[in-house]
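Participant: What follows is a protein structure lacking sequence information:
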């Protein structure tokens, strides 16, 4: 590599860095403007801050909650989401692998998967609650039910579209079906896997919140429902904002995991 | 010494719209170290014939022998190379080259040393730690060849192995592969639709008919000294061989 950078190259790099800074600045600017407009509208009475709350009211609610039981509520929701997410992803991956393994089974399962996928799992809420009991188990079960079917469908489609040439190549070396799966099919679907994990974060959260709406005594979903019932919209808005922060952080965590896996597998 | 013998091989397969005979009554043998090219009209079943020899498809008639021993299914005696290099993108070149040995559970100090020697001899040692996407098409194809050779096959099957490359790379790779195969003393079968390629690489050229494929002619290609492919293309005997194979192939039309 050449150590000395040409003038044109330096200018190009500087322009690129400038552009990245500008994109970030505008992103932050939009958020700041939105918050300022919201606060201003609330203070001047343009919107009713009893209903839509305001950034300052959310901030004071938040600081009050931090002193109180915020950590517990966040912890409960986080635990339920992670449990539903990992069990859903794990089971989904295993079922997809089994369906890849047996063409017969996957053809049999096809119509059921399609129906289950389009069925709104939340509609099964009452049944799930009776089956799993009104508590954490029902909530985790709901999150799992929502994320698992999508994982199965996505992963199975990915497994099926694995490069046929690579599989033939492995077969000519006498590879067993197990070797083909672990050495060819699974590693070539790393990006499918992480793509579906990223979608599943959002889906698991939907499941958890829906579950908490129905049965819970703790968690962010519970706070939101409770806030609605006692007309404390500050609490509702704070809950929603905490949820979006949580979703963003979990997305980041999966991205980091993906980067790690890619380094490990060089993909 | 006879390395491969194909004895009245036939393949009939069942398709939705009926029974299709891919080829029938194919018999030939290949000597150790010999290079046999197989040409035929497109869709005549020449690649299918290679898949049968590779054990990927069971023949519905006849038998295949390697060193006089009948083989059934996938055999460690046989190496197979496809049109695309099928290098695994998430593995380094060295790890790709060791893939076949790994699958067979044959990763020994000796076999790994042999693979490393092949990488070194054929100029890939410096690229061993790189990933396939960092290599040119020609080098990728060479890595794929070394992967096949590292498993020490007695016979190498090349299924249109160069047709995915651009023309110039293809000429260079053909020369490259020919040199490697001759210096390693590998017996090879090349299926191609490219007549010049078949003449430039083969010691003999087998011309197949339209489906159901039968052997139309088995032609010995003789350029006097053992010329590498590029020099063969410039040889005065090249043109007449081309015309002869061309006419054989045209008989079906």
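Facilitator: Cool, the structure landed. Keep in mind it's a predicted model, so treat the numbers as computed, not measured.
Participant: so residue B:217 sits right up against residue B:206, yeah?
Facilitator: Yes. Residue B:217 lies in contact with residue B:206 (C-beta atoms under 8 Å); the separation is 7.5 Å. Just so you know, the C-beta spots here come from the backbone N, C-alpha and C atoms, and that holds for glycine as well.
Participant: Who has more neighbours out of the two?
Facilitator: residue B:206 (23 against 16; other C-beta atoms under 10 Å in any protein chain shown).
Participant: helix or strand for the more buried one, which one?
Facilitator: strand B:204-208 (DSSP states H and E).
Participant: And residue B:12, by the same measure?
Facilitator: Per DSSP H and E: strand B:2-15 holds residue B:12.
Participant: do residue A:255 as well
Facilitator: Judged by DSSP H and E, residue A:255 forms part of helix A:233-265.
Participant: can you tell me which residues contact the closest residue to residue B:185 other than its chain neighbours?
Facilitator: Residue nearest to residue B:185 in three dimensions, not counting chain neighbours: residue B:33, with 5.2 Å by C-beta to C-beta, 6 or more residues apart in numbering or on different chains. Contact analysis of residue B:33 by C-beta atoms under 8 Å, 6 or more residues apart in numbering or on different chains lists B:3, B:182, B:185-187.
Participant: Make JSON lines out of these and add pLDDT, secondary structure and neighbour count.
Facilitator: Below are the contacts of residue B:33 laid out as JSON lines (pLDDT from 0 to 100; DSSP: H, G, I helix; E, B strand; the rest coil; neighbours: other C-beta atoms under 10 Å in any protein chain shown):
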{"residue": "B:3", "pLDDT": "89", "secondary structure": "strand", "neighbour count": "19"}
{"residue": "B:182", "pLDDT": "86", "secondary structure": "helix", "neighbour count": "14"}
{"residue": "B:185", "pLDDT": "86", "secondary structure": "coil", "neighbour count": "8"}
{"residue": "B:186", "pLDDT": "89", "secondary structure": "coil", "neighbour count": "23"}
{"residue": "B:187", "pLDDT": "93", "secondary structure": "strand", "neighbour count": "23"}
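Participant: which among the residues you listed gets closest to chain A?
Facilitator: residue B:186 (15.3 Å; C-beta to the nearest C-beta).
Participant: for the helix holding residue A:255, which positions count as buried?
Facilitator: By neighbour count with 16 or more other C-beta atoms under 10 Å in any protein chain shown, helix A:233-265 contains the buried residues A:233-243, A:246, A:250, A:254, A:258, A:261.
Participant: repeat for stretch B:218-238
Facilitator: Here stretch B:218-238 shows B:219, B:221, B:223, B:227-229, B:232-233, B:238 as buried, counting by 16+ other C-beta under 10 Å.
Participant: ok, which pair from the buried residues of helix A:233-265 is furthest apart?
Facilitator: Taking C-beta to C-beta as the measure, the buried residues of helix A:233-265 span a maximum distance of 41.8 Å, between A:233 and A:261.
Participant: residues in contact with the closest residue to chain A within the stretch 151-253 of chain B?
Facilitator: Ranked by C-beta to the nearest C-beta, the top residue of the stretch 151-253 of chain B for proximity to chain A is residue B:151, at 6.3 Å. Residue B:151 makes contacts with A:173, B:76, B:79, B:100-101, B:104, B:106, as judged by C-beta under 8 Å, 6+ apart.
Participant: now, the most widely separated pair of the contacts of residue B:33?
Facilitator: The farthest-apart pair in the contacts of residue B:33, when distances are taken by C-beta to C-beta, is B:3 and B:182, at 14.8 Å.
Participant: from the contacts of residue B:33, which is closest to residue A:161?
Facilitator: Of the contacts of residue B:33, the one sitting nearest to residue A:161 (C-beta to C-beta) turns out to be residue B:186, at 33.9 Å.
Participant: Name the secondary structure element that contains residue B:158.
Facilitator: strand B:155-159.
Participant: So residue B:70 versus residue B:7, what's the distance?
Facilitator: Between residue B:70 and residue B:7 the distance is 9 Å, computed by C-beta to C-beta, to the nearest Å.
Participant: Those two - which one has more neighbours?
Facilitator: Each of residue B:70 and residue B:7 has its neighbours counted (other C-beta under 10 Å); residue B:7 has more, 16 against 10.
Participant: returning to that earlier point: for the buried residues of stretch B:218-238, work out which two are farthest apart.
Facilitator: Every pair of the buried residues of stretch B:218-238 checked by C-beta to C-beta; the farthest is B:219 and B:228, at 19.5 Å.
Participant: still on that earlier bit, what helices and strands are in contact with the strand holding residue B:12?
Facilitator: Judged by 3 or more C-beta pairs under 8 Å, 6 or more residues apart in numbering or on different chains; DSSP states H and E, the packing partners of strand B:2-15 are strand B:18-31, helix B:46-54, strand B:61-66, strand B:187-192.
Participant: Tell me, how many residues neighbour the nearest residue to residue B:193 once chain neighbours are set aside?
Facilitator: Closest residue in space to residue B:193, ignoring its immediate chain neighbours: residue B:42 at 5.7 Å, by C-beta to C-beta, 6+ apart. If you count neighbours by other C-beta under 10 Å, residue B:42 ends up with 8.
Participant: what do you get for residue A:126?
Facilitator: Count around residue A:126 with other C-beta under 10 Å applied: 10.
Participant: Next: the one 3 residues further on.
Facilitator: Neighbour count of residue A:129, defined by other C-beta under 10 Å: 19.
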